[in-house]
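Trainee: Coordinates only, no sequence provided:
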């Protein structure tokens, strides 16, 4: 896993325009966020692939412009 291609939960939330607590809540309740389980680094930080953030942001933009 190349950390240069990963985001923290805070960075992911910023890209998606949501609060990190929203991601943490779904992880707590369902064990995943939008069907994906993040990598847990040795220091406890959750790491998300940047490619997922880009994909999800594009889906959000499409959904908001389709209405």
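Mentor: Everything's here; your move. Source: prediction; values computed, not measured.
Trainee: where's the residue nearest to the spatial centre of the chain, which helix or strand?
Mentor: Centroid-nearest residue in the chain: residue 12, 4.5 Å away (criterion: C-alpha atoms, centre = their mean). Element membership of residue 12, judged by DSSP states H and E, is helix 9-16.
Trainee: May I see the buried residues of the helix or strand just after that helix?
Mentor: Where DSSP H and E defines the elements, the next helix or strand beyond helix 9-16 is helix 20-30. Neighbour counts over helix 20-30 (16 or more other C-beta atoms under 10 Å) mark 20, 23, 27 as buried. Quick note: C-beta positions are derived from backbone N, CA and C, even for glycine.
Trainee: what does stretch 37-48 contact?
Mentor: Stretch 37-48 is contacted from outside by 1, 3, 6, 7, 8, 9, 11, 12, 27, 31, 36, using C-beta atoms under 8 Å, 6 or more residues apart in numbering.
Trainee: Just say helix, strand or coil for the fourth one.
Mentor: So the one you mean is residue 7. Three-state assignment for residue 7 (DSSP: H, G, I helix; E, B strand; the rest coil): strand.
Trainee: The closest residue to it other than its chain neighbours: neighbour count?
Mentor: Excluding the flanking residues, the one nearest residue 7 by C-beta to C-beta, 6 or more residues apart in numbering is residue 48, at 4.9 Å. Residue 48 has 23 neighbours, counted by other C-beta atoms under 10 Å.
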